[in-house]
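1. Turn this into a structure:
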Amino acid sequence: MAVDPNSHPGLLPDTVARLDAAVAAAQATGRVPSLIAGVVRAGTLVHVAGAGEVPTPTADLQYRIGSISKTLTAALVLRLRDAGALALDDPLAAHLPGTPVGAVTVRQLLGHVSGLQREPDGDWWERSAGGDVEALLAGLDAGKLAGPPFAGYHYSNLAYGLLGALLTRAAGQPWWQLVRDQLLAPLGMTRTSYQPTEPFARGYVVHPWLGTLREEPRHDAGAMAPAGQLWSTVGDLTRWAAFLADPATAGGETVLAATTVDEMAVPVAISDLESWTAGHGLGVELWRRGERVYLGHTGSMPGYLAVLVVHRRSRTGVVAFANAYTMLGSGIGGFGIDLLTTVLDNEPEPVSPWRPGEPAPAEVAPLTGRWWWMGREYEAGWTDGALVLRAVTMPGGTPWRFTPEAPDVWRCHTGMNTGEILTVRRGPDGAVSALDIATFVFRRDVLPAE
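-> Here you go, the predicted structure:
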């Protein structure tokens, strides 16, 4: 996903100037050796902005992505679910027999509501060489539950170590091999790796008073790798951001079905119960800013900070990296969210032109037109192979899109009736008399006779 930094395709000059200024200011006030950010829109990397000289950042320079690795782990788990190898409500013991925390479920682990403690026992895993899966499992006991499942949001790196162990057992392959073969290769992410490969940025802790740098070790996390091991570049990780925004645009429908990515974005828990500005889905963080909801994840490992944040409706995302363990100000997460908000506030969403449609099939035409339910007016039309109902008296809501499943039986795919059945009712003469949507009967008359 190369981009000409001088052409800024797809972004207005004013937006580019704002982004460049924001990155420069964040690097200076945040006191990080180098900072880089990339913007992706509709599957294309449209702008890269960097600041700092240790080293000078480029779109092909690797940084450690930390917990963004969890989003790939979650995608692998959901691939297994889609293949029928597990269910999200399976207890962990169904796949890791004998574990003393086996009552927690796959869904609870993915959404950080399992009650598991945050870290595995022993030395801090992020800054020490990791052991193997058997050692991780051997270190478990019932005391690893910090609280009961679903008692509240409690972020757990240990949960993702266990999900990695589940993947290894269920698939019969190491976690990294699954990531590489099932996710990275299909998406063309050739610069995302388990260990750093040159060119890569060295990671530092910045002394708070002296401004000096201490280079941090780059250990193999071992069994905890699914929680934060990976390395990537702006050029590569924006491919993953584009995939999370819209699998079809990124060419990733063979990686994970679009409906499954939609499922990842459904909140499992709200982590900010006071103002509801943050939560967690299946492997992804969720943030609300005004009327927009963003999806993604932050990441940190000793010497590195990272953020991936996307707005799915506009298929726009931001990826950013810094090679320091702290970033003064709003931190890497707030920085990434602010950059994405700048893009969305300054760039009008592309408007698709209206195009004449194909005539409705003969059997569908009698279903179109005006319908009434409880004094409310609806309009049914034929668009792109689907029957679409819109509320005339309550504009602004999500239209209901139905596709045929059997004669006179249609399934809804959007809005409040998602998953519900529309049944065509017919009179004695066979003519269409009503549309029955989950017992709500729509008729041609405003107030039909009782």
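
2. Residue 249 versus residue 44, what's the distance?
-> 9 Å (CB to CB, to the nearest Å). Glycine gets a C-beta too; all of them are placed from N, C-alpha and C.

3. Now for these two: what residues contact both?
-> residue 242 (CB atoms under 8 Å, 6 or more residues apart in numbering).

4. Apart from its chain neighbours, what residue comes closest to residue 193?
-> In space, not counting the residues next to it along the chain, residue 193 is nearest to residue 231; the distance is 5.2 Å by CB to CB, 6 or more residues apart in numbering.

5. Unless I'm misreading it, residue 369 sits right up against residue 380, doesn't it?
-> Yes: counting by CB atoms under 8 Å, residue 369 does reach residue 380; the two are 6.2 Å apart.

6. Does the residue nearest to residue 193 touch residue 198 like I think?
-> No: if you go by CB under 8 Å, residue 231 and residue 198 don't touch, sitting 11.0 Å apart.

7. So which of the two has more stuff around it?
-> residue 231 (26 against 6; other CB atoms under 10 Å).

8. which residues touch the more buried one?
-> 62-65, 192-197, 200.

9. Pick out the one among these with the largest number of neighbours.
-> Neighbour max across those (other CB under 10 Å) = residue 65, 32 neighbours.

10. Just say helix, strand or coil for residue 286.
-> strand (DSSP: H, G, I helix; E, B strand; the rest coil).

11. what's the burial count for it?
-> Residue 286 has 22 nearby residues by other CB under 10 Å.

12. Across the sheet, point out what pairs with it.
-> residue 279, residue 295 (DSSP bridges).

13. pLDDT-wise, which helix or strand of the protein ranks last?
-> Lowest on mean pLDDT, DSSP states H and E among the helices and strands of the chain sits helix 133-138, with a mean of 85.

14. which residues sit against that one?
-> Contacts for helix 133-138 (CB under 8 Å, 6+ apart): 96, 99, 120, 161-162, 164-165, 168, 222-224.

15. quick check, nearest of those to residue 140?
-> Lowest distance from residue 140 to the contacts of helix 133-138 (CB to CB) belongs to residue 99, with 5.7 Å.

16. From residue 390, how far out is residue 396?
-> 10 Å.

17. That should have said residue 219, apologies.
-> From residue 219 over to residue 390 (counting by CB to CB), the distance is 56 Å.

18. before we move on, the earlier item: now flag whichever of the contacts of residue 231 is closest to residue 303.
-> Using CB to CB, the contacts of residue 231 come closest to residue 303 at residue 64, 7.2 Å.

19. Residue 421 contacts residue 408, doesn't it?
-> No: assessed by CB under 8 Å, residue 421 is found out of contact with residue 408, at 10.4 Å.

20. What's the mean pLDDT across stretch 426-445?
-> Stretch 426-445 shows a mean pLDDT of 95.

21. can you give me how far it is from the chain middle?
-> How far stretch 426-445 lies from its chain's middle: 40 Å, per CA atoms, centre = their mean, to the nearest Å.

22. Need phi/psi at residue 258.
-> phi -60, psi -40 (degrees, to the nearest 10).

23. still on that earlier bit, and the contacts of helix 133-138, which are buried?
-> The neighbour count (16 or more other CB atoms under 10 Å) marks 96, 99, 120, 161-162, 164-165, 168, 222-224 as buried among the contacts of helix 133-138.

24. Now do the helices in the stretch 51-200 of the chain.
-> 69-82, 106-110, 133-138, 157-171, 175-178, 185-187 (DSSP state H, counting those that start in this stretch).

25. ranking those helices by mean pLDDT, which is last?
-> Averaging pLDDT over each of these puts helix 133-138 lowest, since it has a mean of 85.

26. Low-confidence ranges, the stretch 301-450 of the chain, go.
-> 449-450 (pLDDT under 70).

27. count of residues packed around the closest residue to residue 121 other than its chain neighbours?
-> Using CB to CB, 6+ apart and skipping residues adjacent in sequence, the residue nearest residue 121 is residue 139, 5.4 Å away. Residues near residue 139, counting by other CB under 10 Å, number 14.

28. domains of this protein?
-> Annotated domains of the chain cover 13-81+158-346, 365-443 [automatic domain parsing].

29. ends of the last one, how far apart?
-> From its first residue to its last, domain 365-443 covers 15 Å (CA to CA, to the nearest Å).
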